[in-house]
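Enquirer: Got a predicted model here, sequence first, then my questions.
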Amino acid sequence: MRVSRVLNYALAAVVIAYYTAGSLVSTFQCTPVRKAWNKSVPGRCIDNDLFRLTNGYINILTSMWIIVLPFPALLQVKQQPKEVLQLMGLISLGVM
């Protein structure tokens with residue numbers, strides 16, 4: 001159970017840190033900032049395609065982490081092994 005608790009806190013820290021950073025990047029994606037909505041202003045912006053691709057990969061990884069998170073705790077449950085495996089199978093359907 002301690003492992004699950006540590007993984008929960010680690011996931012929360014990763015999600016908070018990443019989405020804070022992502023929000024800041026989205027807000028300040030251009031120099032000067034007003035270039036983001038007014039393309040005629042001279043300046044430069046980040047590559048949004050690369051940012052979106054990276055954002056997608058991180059979303060997939062954190063989603064997989066959330067799906068796998070209850071497995072260590074479920075493996076320690078003193079129920080019928082068949083029931084635990086069925087529950088883990090149902091949770092795994094979240095991958096789809």
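Expert: Now that the structure is in, tell me what you want to look at. Numbers count the residues shown, from 1 in each chain.
Enquirer: alpha carbons only for contacts and neighbour counts from here, please
Expert: Noted.
Enquirer: okay, and the helix or strand of the chain with the least pLDDT?
Expert: Lowest on mean pLDDT, DSSP states H and E among the helices and strands of the chain sits helix 71-75, with a mean of 81.
Enquirer: elements contacting that helix?
Expert: helix 2-27, helix 81-92 (3 or more Cα pairs under 8 Å, 6 or more residues apart in numbering; DSSP states H and E).
Enquirer: go again using 6 Å as the cut-off
Expert: With contacts defined as 3 or more Cα pairs under 6 Å, 6 or more residues apart in numbering; DSSP states H and E, helix 71-75 has no helix or strand neighbours.
Enquirer: Give me the contacts around it.
Expert: Met1 (Cα atoms under 6 Å, 6 or more residues apart in numbering).
Enquirer: can I get the CA coordinates of that helix in CSV?
Expert: C-alpha atoms of helix 71-75 as CSV (Å, rounded to 0.1, in the frame of the first residue of the first chain):
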residue,chain,number,x,y,z
PHE,A,71,-2.8,-2.7,-9.8
PRO,A,72,-0.2,-3.1,-6.9
ALA,A,73,-3.0,-2.5,-4.3
LEU,A,74,-5.3,-4.9,-6.1
LEU,A,75,-2.7,-7.6,-6.1
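Enquirer: How about it, which residues are buried there?
Expert: By neighbour count on 16 or more other Cα atoms under 10 Å, the buried set for helix 71-75 is 71, 74.
Enquirer: could you point out where the protein is predicted with low confidence?
Expert: For the chain, applying pLDDT under 70 flags no range at all.
Enquirer: Quick check: the spatially most central residue of it vs Thr54, distance?
Expert: Nearest to the mean C-alpha position of the chain, by Cα atoms, centre = their mean, lies Thr62 at 3.2 Å. According to Cα to Cα, to the nearest Å, Thr62 and Thr54 sit 12 Å apart.
Enquirer: got it, and Arg44?
Expert: 20 Å.
Enquirer: and Leu53, what does it touch?
Expert: Contacts of Leu53 (Cα under 6 Å, 6+ apart): none.
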